[in-house]
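K.L.:
this one's structure only:
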């Protein structure tokens, strides 16, 4: 397995790599701006904020009693003939899915785009078992062809040009495909059609799980979700335990929220509601259906100051409005989830030691708070994670020393005056000597910006004269 | 009323603070700068060092307690820190009650001016040129102040205030973020400045010294003559002295 980017490099290093790719810096802002524009346009005559408030209320009510709804969901699934598996962590979830594939005698697997399966690194495990795995979302298909990883929750190849996509597909086709969207998608469709026909197992995530009816809900625009869950003999859905919602009335609120916030659609082209395997007399559907319920660090957040992050429905809207994400894309964040939600989830799921830097990779502008369809206070969560990093002793020692020194100097008006005067003179001397580029933070500031020199007479001293 | 220059205003932009004081006085307000205050504590608070933030903020909080009436702050982000985060920073602390009372007295500079638009109109202010307003993130999203500074700029004659598509997008400052990730921070400033230049602005105006230092520093480094000004400084140039 290749090195884990999260622990083998820093955000700054990964961001620099992304900043050097001109296309990422053109395409990501364009695509994300369009998504936000579409969202606002689509909801221009609807009360988006009112809907968000309903969504927040549903999510917070559900998460507050998560076990009640999970029990209800599991009971309803079982009654529908679905086999339910609980997974405490990624290894256990992979184990369940590997076992189900083995028992089904499977050789070929097709997949619907799913961040949960990315989270548990499912594909390498299945491939190690000798299974042929095909991603069937067009973007994920290209990601797989390139040995890449998705860089956006909804738009996995937001970082690729059409030219790059054409190259990847041409390689598989064994001929030069035209630089034309319909030819490219046409080729992929043909290939994927075969994969759907030949697959033994279809694996999906779950956008929602409806507790009352035992229904797995999937939203897609390409129809691949429907194919993966109805053609193969076996369907496995991997669902984070937090994605449960109480009933179908709640789904009526959550559906336009996820499609609106995600892709600016009031509804996606396909909405699949899967409530069990094929029943007697039904012409299609899988012979067996499994739901794997993934904890992997989620339950530990219940009752903590981070519980609200469990409200997340993985729509990607916070990535679309994030001014940092739009510059560096998702790969800079080093793990599965990028953008504001990734900066919150990564340290929570992977620990402060591995992910503690990410909450600092934000200018704390709060745009994510304003767009989030379920009103998660991401800005506050980022601040809490920064504080927690210090509380658990993971803050870099140099930063703590700087904070201590600063606090000592600025916690007395007298020291503040004297020391800022001394420091101000120092900075002016350093600047006059042309040495700014050699001094830590001053150098990092002046790399791309003029350094503002401290005033010879600060405002407070001007007041002394007036008094 | 009292005026808190903020550390950034005090040390890096004293003229701007003088312009703010003058503007308030021109509106007939009695303004006294607070003595003995240093900083709101935001740099340490945002970096996760709450104990250190509290230590500094306490000095400022206690200095404020010696004053009466509103406390005006010509820095959107600092105002948001005190109004929104002081109650949390001091929760469970011996100064918790004081922090809540004082936080409720804080007002942002343009918020005060926006209550005196008629007086401003009467001053025959003039600043010929195309101007764009940049929203400070914390001022806009934590205090919901976006209309106020624009209304104030609307009182200046011959000033053409053009709406910027990216007005509410972050400039990339973010306090320690700007030196932690300078390349990303500068890229964010560039995206903002590109929009400002495309709109052929003479000046990009804001009400937050943090954003101004970031955008001004980048604009100066890249050249092209775009001015980056505080609302108070623009008012000063327009004749409000």
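P.N.:
Sure thing, it's come through. Predicted model, so just to flag it, every value in this text is computed and none were measured.

K.L.:
Quick one: list the elements packing against the helix or strand hosting residue B:131.
P.N.:
Using DSSP states H and E, residue B:131 maps to strand B:126-133. Taking 3 or more Cβ pairs under 8 Å, 6 or more residues apart in numbering or on different chains; DSSP states H and E as contact, the helices and strands that strand B:126-133 lies on are helix B:147-153, strand B:157-162, strand B:203-206, helix B:231-237. Backbone N, C-alpha and C define where each C-beta goes, glycine included.

K.L.:
That strand relative to strand B:157-162, how many degrees between them?
P.N.:
10 degrees (axes from the mean of the first three to the mean of the last three Cα atoms, to 10 degrees).

K.L.:
Could you pull up the contacting residues of residue 209?
P.N.:
Let's take chain A. Going by Cβ atoms under 8 Å, 6 or more residues apart in numbering or on different chains, residue A:209 touches A:73, A:215-217, A:239, A:243-245, A:291.

K.L.:
wait, I meant chain B there
P.N.:
B:6, B:8-9, B:12-13, B:16, B:74-75, B:230.

K.L.:
From these, list the ones also adjacent to chain A.
P.N.:
B:9, B:12-13 (Cβ under 8 Å from any Cβ of the partner chain).

K.L.:
What segments of the stretch 351-467 of chain A are helices?
P.N.:
Secondary structure of the stretch 351-467 of chain A by DSSP state H, counting those that start in this stretch: the helices cover A:352-355, A:367-371, A:378-391, A:397-410, A:413-432, A:440-446, A:459-466.

K.L.:
Identify all contacting residues around stretch A:375-382.
P.N.:
Counting by Cβ under 8 Å, 6+ apart, A:52-53, A:55-56, A:306, A:308-309, A:311-312, A:318, A:340-341, A:343-344, A:359, A:362, A:364, A:366, A:368-369, A:372, B:141 sit against stretch A:375-382.

K.L.:
Now, of those residues, which are buried?
P.N.:
Applying 16 or more other Cβ atoms under 10 Å in any protein chain shown to the contacts of stretch A:375-382, the neighbour count classes A:52, A:55-56, A:306, A:308-309, A:311-312, A:318, A:340-341, A:343-344, A:359, A:362, A:364, A:366, A:368-369, A:372, B:141 as buried.

K.L.:
Counting neighbours, which bits of the helix or strand containing residue B:19 end up buried?
P.N.:
In this assignment (DSSP H and E), residue B:19 forms part of helix B:14-26. Using 16+ other Cβ under 10 Å as the test for burial, helix B:14-26 gives B:14, B:16-24, B:26.

K.L.:
Please determine whether whatever helix or strand comes next after it lies in contact with chain A.
P.N.:
Later in the chain than helix B:14-26, the nearest helix or strand by DSSP H and E is strand B:32-33. Yes. Using Cβ under 8 Å from any Cβ, strand B:32-33 reaches chain A at residue B:33.

K.L.:
Paired strands for strand B:32-33, with orientation please.
P.N.:
Here strand B:32-33 is paired, per DSSP bridges, with strand B:2-3 (parallel).

K.L.:
picking up where we left off before, any idea of the mean pLDDT in the helix or strand following the strand holding residue B:131?
P.N.:
Later in the chain than strand B:126-133, the nearest helix or strand by DSSP H and E is helix B:137-141. What helix B:137-141 shows for mean pLDDT is 98.

K.L.:
Quick check: which helices or strands does helix B:137-141 pack against?
P.N.:
Packed next to helix B:137-141, using 3+ Cβ pairs under 8 Å, 6+ apart, are helix A:367-371, helix B:76-80.

K.L.:
returning to that earlier point: out of the contacts of residue A:209, what pair is the most spread apart?
P.N.:
Distance extremes for those: the farthest pair is A:245 and A:291 at 14.5 Å, using Cβ to Cβ.

K.L.:
mind listing what's buried in the strand holding residue B:131?
P.N.:
B:127, B:131-133.

K.L.:
neighbouring strands for it, and are they parallel or not?
P.N.:
strand B:157-162 (parallel), strand B:203-206 (parallel).

K.L.:
Tell me the residue of the stretch 201-350 of chain A that sits nearest chain B?
P.N.:
When scored by Cβ to the nearest Cβ, the stretch 201-350 of chain A has residue A:323 as its residue closest to chain B, at 4.2 Å.

K.L.:
surely that residue meets residue A:361?
P.N.:
No. Residue A:323 is not in contact with residue A:361 according to Cβ atoms under 8 Å; the separation is 11.6 Å.

K.L.:
who has more neighbours, the two?
P.N.:
Neighbours per residue (other Cβ atoms under 10 Å in any protein chain shown) separate residue A:323 from residue A:361, with residue A:361 holding more: 28 against 25.

K.L.:
Look up how far chain B lies from that one.
P.N.:
Applying Cβ to the nearest Cβ, to the nearest Å, the value for residue A:361 to chain B is 7 Å.

K.L.:
who touches the nearest residue to that residue once chain neighbours are set aside in this structure?
P.N.:
Spatially, and ignoring its direct neighbours in sequence, residue A:361 is nearest to residue A:11 (4.6 Å; Cβ to Cβ, 6 or more residues apart in numbering or on different chains). Residues in contact with residue A:11 (Cβ under 8 Å, 6+ apart) are A:332-334, A:357-358, A:360-361, B:181.

K.L.:
one more time with 10 Å
P.N.:
A:5, A:324, A:328, A:332-334, A:343, A:355, A:357-358, A:360-361, B:180-181, B:184 (Cβ atoms under 10 Å, 6 or more residues apart in numbering or on different chains).

K.L.:
nearest to residue B:223, of these?
P.N.:
Nearest to residue B:223 among the contacts of residue A:11, with distances taken as Cβ to Cβ, is residue B:184, at 21.8 Å.

K.L.:
For that closest one, what is the enclosing helix or strand?
P.N.:
helix B:182-198.

K.L.:
packing partners for that helix?
P.N.:
helix A:11-19, helix A:22-42, helix A:325-328, helix A:440-446, strand B:126-133, helix B:177-180, strand B:203-206, helix B:209-222 (3 or more Cβ pairs under 10 Å, 6 or more residues apart in numbering or on different chains; DSSP states H and E).
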